[in-house]
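Asker: Need a 3D model of the following:
(one chain, ligands or ions: 1)
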Amino acid sequence: MTDPLLELTEEQRAIVETARAFADEQLRPNAAAWDRDAHFEPSLIPKLGELGFLGMLLPSEHDGLGLDARSYLLALEEIAVADASTAVMMSVHNSLPTQMLLHFGSAAQQARFLAPMARGELLGAFALSEPDSGSDAASLRCQARREGDHWILDGAKSWVTSGTHAGVILAMARTDTPDARKGAKGISAFIITPDLPGYSVGKKEDKMGMRASPTVQLVFDGMRVPADRLLGEEGMGFTYAMRSLEHGRLGIAAQAIGIARAAYEAACAYVVERKQFGKPIAEFQAVQFKLADMATRITAARSLLHMAAAAKDRGVDIGTQASMAKLFASETAMWVTTNAVQLFGGYGYVKEYPVERYFRDAKVTEIYEGTSEVQRVVIGRAAVSGS
Ligand code: CAA
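Answerer: As a prediction, the model looks like this:
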């Protein structure tokens with residue numbers, strides 16, 4: 001289902017076709033088994049790198065494809081239709097660490113990290129949340145203190161997508177001191193690599209959904225970080241993280257739309273096959289109304305997302321619109337997958353059919369990269385401030 005309303009360019013059509021072919025060949029046949037086994041398939045990283053899908057928004061000087069945001073989001077939707085776990089790996093990598101480095105990194109930092117990230121030699125991750133700091137991100141406690149030409153970092157980071165395989169992690173830590181806390185302005189961003197002394201990967205989460213995407217804690221125990229790994233200016237890490245999350249939230253919206261579309265397409269196919277009361281259940285108006293509402297919500301979510309992405313490509317500040325797109329798309333994914341399970345009846349509740357996986361995968365899109373409540377905070381604050 002490529003939406004005719006989107007008016008794609010030739011290049012965008014080609015990107016969609018490439019993503020769909022990759023998804024059909026490499027992801028769709030494996031997604032159920034990877035989900036069952038909570039298996040992350042590391043060979044996907046170089047394969048996605050070869051396609052250019054790990055440097056979609058990076059300019060060619062960093063070996064990226066230099067695409068506009070809409071092309072990237074179209075590709076991400078196709079990947080998410082087949083396997084939401086691969087989509088979140090791709091979204092986090094393209095939206096958070098690469099964008100932070102591209103917009104706030106020094107020339108030397110960009111030269112060292114961006115091209116290997118685009119080529120799939122280094123997978124990126126983002127470490128903001130902590131065990132006691134989620135929605136209230138500015139309350140994070142991971143502490144950095146300067147010692148000569150190093151920073152020493154102590155603390156734990158939670159919910160790090162791709163953390164088991166990440167080669168570069170953009171991590172936020174406090175550079176203010178306990179006796180002079182500065183709130184959000186006491187947070188700085190650091191470029192972490194797993195070879196740093198004191199770095200270790202902690203507990204891997206056993207999750208409800210998105211099971212083929214490894215989510216871990218990272219432990220920094222007196223981790224020695226060279227001073228040139230500070231990103232941009234000291235004290236600006238929270239702002240950099242928030243700006244990057246604007247990209248991230250567009251990516252999660254595309255992922256949510258992909259999950260919703262997968263559930264909708266599965267439901268459309270099922271209702272013409274499934275017969276009850278002597279006819280395919282597709283002939284019942286109650287069933288058609290559900291499909292109508294699914295199609296309408298998916299199209300509305302995609303329109304909102306692409307409107308925000310097009311504005312971003314024009315250089316417009318889209319913080320509020322990114323939150324709206326993420327909020328609406330993730331709640332659409334939850335609604336559509338819930339109703340798809342209902343249309344499948346008992347078969348929707350068993351693992352023989354894919355809709356229960358879509359339902360489990362959809363839930364986290366309402367939680368990560370800012371809960372639905374946080375998106376409403378962002379949108380509501382803009383509403384009352386008149387911006
Ligand atoms: N762009 C630039 N600056 C921003 C900004 C943005 N989008 N949002 C906030 N800031 C700035 C503010 O302007 C402010 O600076 P000034 O004091 O100079 O004005 C500063 O940052 C602090 O901002 P707030 O006062 O708004 O901060 P707050 O404590 O009230 O928090 C919040 C606001 C929106 C709730 C924020 O904490 C937030 O987004 N929380 C959710 C965090 C989140 O999304 N976490 C996801 C982690 S990643 C993940 O999910 C895992 C994964 O790998 C997928």
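
Asker: Tell me which residues touch Ala82, please.
Answerer: 23-24, 27-28, 31, 262 (C-beta atoms under 8 Å, 6 or more residues apart in numbering). To be clear about C-beta, it is placed using only N, CA and C from the backbone, and glycine gets the same treatment.

Asker: how close does it get to Ala212?
Answerer: For Ala82, the distance to Ala212 (C-beta to C-beta, to the nearest Å) stands at 11 Å.

Asker: Give me the common contacts of those two.
Answerer: Joint contacts of Ala82 and Ala212 (C-beta under 8 Å, 6+ apart) are Ala31.

Asker: one step back: which members of the contacts of Ala82 are the farthest-apart pair?
Answerer: Farthest-apart pair in those is Asp24 and Ala262; separation 12.3 Å (C-beta to C-beta).

Asker: more crowded one of the two?
Answerer: Ala262 (28 against 13; other C-beta atoms under 10 Å).

Asker: Which helix or strand contains the more buried one?
Answerer: helix 237-273 (DSSP states H and E).

Asker: Over to Phe220?
Answerer: Applying DSSP H and E, one finds Phe220 within strand 215-226.

Asker: what does that strand rub up against?
Answerer: Outside strand 215-226, the residues within contact range by C-beta under 8 Å, 6+ apart are 127, 131, 142, 144, 149-161, 163-164, 169, 171, 173, 190, 192, 196-205, 207.

Asker: List of residues touching the helix or strand just after that strand?
Answerer: Following strand 215-226 in sequence order, the next helix or strand is strand 230-231 (DSSP H and E). Strand 230-231 has contacts (C-beta under 8 Å, 6+ apart) with 100-101, 104-105, 109, 151, 170, 188-191, 237, 240.

Asker: just the contacts of strand 215-226 that are near the ligand?
Answerer: 159, 161 (C-beta under 6 Å from any ligand atom).

Asker: for this protein, which spans come out with low pLDDT?
Answerer: 1-5 (pLDDT under 70).

Asker: same thing but 80
Answerer: 1-6, 386-387 (pLDDT under 80).

Asker: Flag every residue of it that's near the ligand.
Answerer: Proximity of the chain to the ligand, by C-beta under 6 Å from any ligand atom, involves residues 92, 126, 128-129, 135, 137-138, 159, 161, 184, 238-239, 242-243, 245-246, 319, 368-370, 374, 377-378.

Asker: could you flag which of the residues you listed are buried?
Answerer: Using 16 or more other C-beta atoms under 10 Å as the burial test, the residues of the chain next to the ligand include 92, 126, 128-129, 137-138, 159, 161, 184, 238-239, 242-243, 245-246, 319, 368-370, 374, 378 as buried.

Asker: From Lys290, how far off is the residue nearest to Arg274 when sequence neighbours are not counted?
Answerer: Nearest non-adjacent residue to Arg274, counting by C-beta to C-beta, 6 or more residues apart in numbering: Ile281, 5.1 Å away. With distances taken as C-beta to C-beta, Ile281 is found 10 Å from Lys290.

Asker: which neighbours do the two share?
Answerer: Joint contacts of Ile281 and Lys290 (C-beta under 8 Å, 6+ apart) are Leu343.

Asker: okay, now the residue nearest to Val271 when sequence neighbours are not counted: neighbour count?
Answerer: Once flanking residues are discounted, Val271 sits nearest to Ala282: 4.0 Å by C-beta to C-beta, 6+ apart. The tally of other residues near Ala282 (other C-beta under 10 Å) stands at 18.
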